[in-house]
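Participant: build me a model from this:
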Amino acid sequence: VACDLLGDIRRRDARARDLMRESPKLAKLDERDRGLAMRIVLGVTAAVGFLDERIDVRLRGRTKLEPQVRDALRLSSYELLFLDTPASVAVSQGVEVVRGVRPRAAGLANAVLRRVADEDVLARKAALARVSDVAMSRLSFDGNGRSEASPTAALDDLAWASGYPAWLLERMGDVRTDVARAATEPPPVYVAANLAKHDDEETRFLLTSAGLEPQACDVEGAYRLDRPAGLVRSGLVEGADVVVADLSAQRVVSRLPVKPGMRVLEVGQGRGTKSVLLQSMALRAGGSAQVVGIDSVGFKVKVAAERMVRAGLKDAVTCLEFDACALASSAALPALLAEPFDLVFVDAPCSGTGTMRRHPEIPWTLTSEDVTSLARLQLRIIRAVSSRVRPGGALCYATCSLLQEENEDVVEAFLASAEGANFVLEGSPLRTHPIVSGPDGHFMATLNRQE
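Facilitator: Here you go, the predicted structure:
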C-alpha cells in the first residue's frame, strides 16, 4: 500500500497527506498497519533526496532505475535507515516488492539493499550518536547559564540524522540540531476550543468522551491529544466544535492584542483556522471582534466562509478574496477594507520550514531561490498592509518559517522602509522551533503604529 501511494504521489505530483486521505486501500488497513504505511509514506517523502543519494551511491552509476523500482528501493531504504525494521525483513520485503513490479530487477534490489543494510545503517547510527552527544552538550551549556554559543552538530551528521538537505539545515542556524533530531518523529496532535460553541470544560468533556485523552497545554483552550486516531471519527473537527492547530500556532494567536469589538484584518486567512482561534481569544476577553479575512485563493475563501458558518461565527467573520499587495491602493479597496483597522494580522506565505514534519514535501522541493522570492513577497505584503493600520493600532507579522530571511530580516527591512517609519517593534518576537515530542516552528513580531 505504501509503495502504491508513493507511485501515485510521483505520477500525480500530489501532496502525500492529500492522497492518503483519499486512499481506499489505506482506509481498509487496521489501525496499526495504517499508521505504519502512513509513516513510511511521509518519511520517504521528507527524505527522498537523501534516500536517492544512498541508492545511487550503491548503484555506482551503472544503472538507470525505472520509477517503480526506485519507489520500492526508497521505501525499503527508509525502513532500514529510519525505522526499527530488522534488516533481514526490510531487505526481503523490498526485494519482493521490486519483484512484483519488475521481476528482472529483483537481484539488483537485493544487492543495493544489502549494501545499504551493511554500510549505511552503521553510518547513520554513528551520525546519530554524534548528534546526540552535541544535544547533550547543548543542555549542559543551557543548564550552566553560559553565554557563549551552544555547540552545533556537523551538517553531514545532521543530514544523516534527519534526511533533510544540508544547505537547508545550515540556513536554520543554531536550532538545526534540535530540528534534525525531531525530523523523523511524528509531531503531536493539538486542538483548540472554539469558544463560539463550547467553553473549555465542555470542550474537554467532548474530547474525553471521544476517547482522545486530551491534555491541557500552556495556552488556554489548547489540548494535546494522546490518542488522536479517533479525531476524524468523532466529528468534532467537521462540526467545528474544535479546530486542529499546532500549539505554536496557538501561541502566536495568544500573543495578538485582540479585544472585544476590535476591527481586525486577517491577511492570509487560508481555511480560517486562525479566524476561529482569534475569535476565541476575543470571546475569552468578553466579546467577539469584527474580523475581515482576506486570501488571494478563491477556493480557500469559500472553504473558510463555510467553516465560519459551522463554527457559529458567520456574523463575526467576513471572508473576502483579495490580493494583500493591492491594499496600498486606496482607490481599489472594497468598502470593508477602506476604513483602518485596530489590528492587522499577517499570516504570511512562507517556506513552511517550521512545519516540515507535517508537510514532508518541503525539504526536497524548496530551493534557495524560493526563499529569496518569498522574502521579497513578504516585504511587499507587509508594506502594503501597513496602510490599513490606524494610528495607535498594531501590525502583527507571522510565519511558520525557521529562516531569518523570512522573519527578522523582513521585519528589519520593513522598519527601514518609508511605510515602516511610523512603526515600532514591541518587545522580542516569538520564535519557536520543532523539538522531539514538541510543537512546530513559528515566528511572530508585533509592530505598533505611532499616534
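
Participant: A helix includes residue 320, no?
Facilitator: No - using DSSP: H, G, I helix; E, B strand; the rest coil, the assignment for residue 320 is strand, not a helix.

Participant: do you know the pLDDT at the residue nearest to it when sequence neighbours are not counted?
Facilitator: Of all residues not flanking residue 320 in the chain, residue 294 sits nearest, at 4.9 Å (CB to CB, 6 or more residues apart in numbering). In short, each C-beta sits where N, CA and C put it, glycine included. As predicted, residue 294 sits at a pLDDT of 98.

Participant: which residues sit in contact with residue 294?
Facilitator: 265-269, 319-322, 324, 337 (CB atoms under 8 Å, 6 or more residues apart in numbering).

Participant: now restrict the residues you listed to buried residues only.
Facilitator: For the contacts of residue 294, a burial check counting by 16 or more other CB atoms under 10 Å picks out 265-269, 319-320, 322, 324, 337.

Participant: let me know the pLDDT of the spatially most central residue of the chain.
Facilitator: Nearest to the mean C-alpha position of the chain, by CA atoms, centre = their mean, lies residue 355 at 2.1 Å. pLDDT, residue 355: 97.

Participant: hang on, isn't it packed against residue 439?
Facilitator: No - using CB atoms under 8 Å, residue 355 is not in contact with residue 439, being 9.7 Å away.

Participant: now the common contact residues for those two.
Facilitator: Common neighbours of residue 355 and residue 439 (CB under 8 Å, 6+ apart) are residue 246.

Participant: and residue 182, what is it in contact with?
Facilitator: Residue 182 neighbours (CB under 8 Å, 6+ apart): 357, 434-438.

Participant: what about the closest residue to it other than its chain neighbours, neighbour count?
Facilitator: In space, and not counting its chain neighbours, residue 182 is closest to residue 434: 4.3 Å by CB to CB, 6+ apart. Residues within reach of residue 434, counting by other CB atoms under 10 Å, total 27.

Participant: which secondary structure state does residue 434 sit in?
Facilitator: Quick answer, by three-state DSSP: residue 434 is coil.

Participant: measure it to residue 354 for me?
Facilitator: 7 Å (CB to CB, to the nearest Å).

Participant: what is in contact with the two at once?
Facilitator: 440-441.

Participant: helices of the stretch 301-450 of the chain, start to end?
Facilitator: 335-338, 362-365, 368-385, 408-415 (DSSP state H, counting those that start in this stretch).

Participant: list the contacts of residue 381.
Facilitator: 267, 324-325, 346, 348-349.

Participant: I'd guessed residue 397 sits against residue 447; true?
Facilitator: Yes - Residue 397 is within contact range of residue 447, at 6.9 Å (criterion: CB under 8 Å).

Participant: which helices and strands does the helix or strand containing residue 248 pack with?
Facilitator: Residue 248 belongs to helix 247-254 when elements are defined using DSSP states H and E. Judged by 3 or more CB pairs under 8 Å, 6 or more residues apart in numbering; DSSP states H and E, helix 247-254 is in contact with strand 189-193, strand 222-225, helix 273-284.

Participant: touching the first one from outside, list them.
Facilitator: Outside strand 189-193, the residues that touch it by CB under 8 Å, 6+ apart are 199-200, 203, 207, 214, 217, 219, 221-225, 228, 231, 236-237, 242-247, 250, 276-277, 280, 439.

Participant: could you dump the contacts of residue 381 to a markdown table with distance to residue 413 and pLDDT?
Facilitator: Shown next, in a markdown table, are those (distance: CB to CB, whole Å; pLDDT from 0 to 100):
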| residue | distance to residue 413 | pLDDT |
| --- | --- | --- |
| 267 | 17 | 98 |
| 324 | 17 | 95 |
| 325 | 16 | 94 |
| 346 | 14 | 98 |
| 348 | 13 | 98 |
| 349 | 16 | 97 |
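
Participant: and these, which is closest to residue 66?
Facilitator: residue 349 (36.5 Å; CB to CB).

Participant: my guess is the residue nearest to residue 182 meets residue 353, correct?
Facilitator: No - judged on CB under 8 Å, residue 434 makes no contact with residue 353 at a distance of 9.5 Å.

Participant: what touches both of these two?
Facilitator: Counting by CB under 8 Å, 6+ apart, the residues touching both residue 434 and residue 353 are residue 441.

Participant: which residues does stretch 92-100 contact?
Facilitator: Under CB under 8 Å, 6+ apart, the answer for stretch 92-100 is 3, 69, 72-73, 75-77, 79, 105-106, 108-110, 113.

Participant: one step back: where's the residue nearest to the centre of the chain relative to residue 376, distance?
Facilitator: From residue 355 to residue 376 the distance is 21 Å (CB to CB).

Participant: next: residue 192.
Facilitator: 32 Å.

Participant: and these two? Which one has more around it.
Facilitator: When residue 192 and residue 376 are compared for neighbours, residue 192 comes out ahead with 27 against 13, by other CB under 10 Å.

Participant: residue ranges with poor pLDDT in the stretch 351-451 of the chain?
Facilitator: The model of the stretch 351-451 of the chain has no residue with pLDDT under 70.

Participant: lowest-scoring secondary structure element of this structure by mean pLDDT?
Facilitator: Ranking every helix and strand in the chain by mean pLDDT, DSSP states H and E puts helix 121-143 at the bottom, with a mean of 82.

Participant: and the following helix or strand past it with helix 121-143, angle?
Facilitator: Going down the chain from helix 121-143, the next helix or strand is helix 155-162, by DSSP H and E. With axes from the mean of the first three to the mean of the last three CA atoms, to 10 degrees as the basis, helix 155-162 and helix 121-143 are set at 110 degrees to each other.

Participant: got the CA positions of helix 155-162 in CSV?
Facilitator: Taking C-alpha atoms only, helix 155-162 is exported to CSV below (Å, rounded to 0.1, in the frame of the first residue of the first chain):
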residue,chain,number,x,y,z
LEU,A,155,26.0,19.4,8.8
ASP,A,156,26.7,16.0,7.4
ASP,A,157,25.7,14.3,10.7
LEU,A,158,22.5,16.4,10.8
ALA,A,159,21.7,15.4,7.2
TRP,A,160,22.1,11.7,8.1
ALA,A,161,20.0,12.1,11.2
SER,A,162,17.1,13.9,9.5
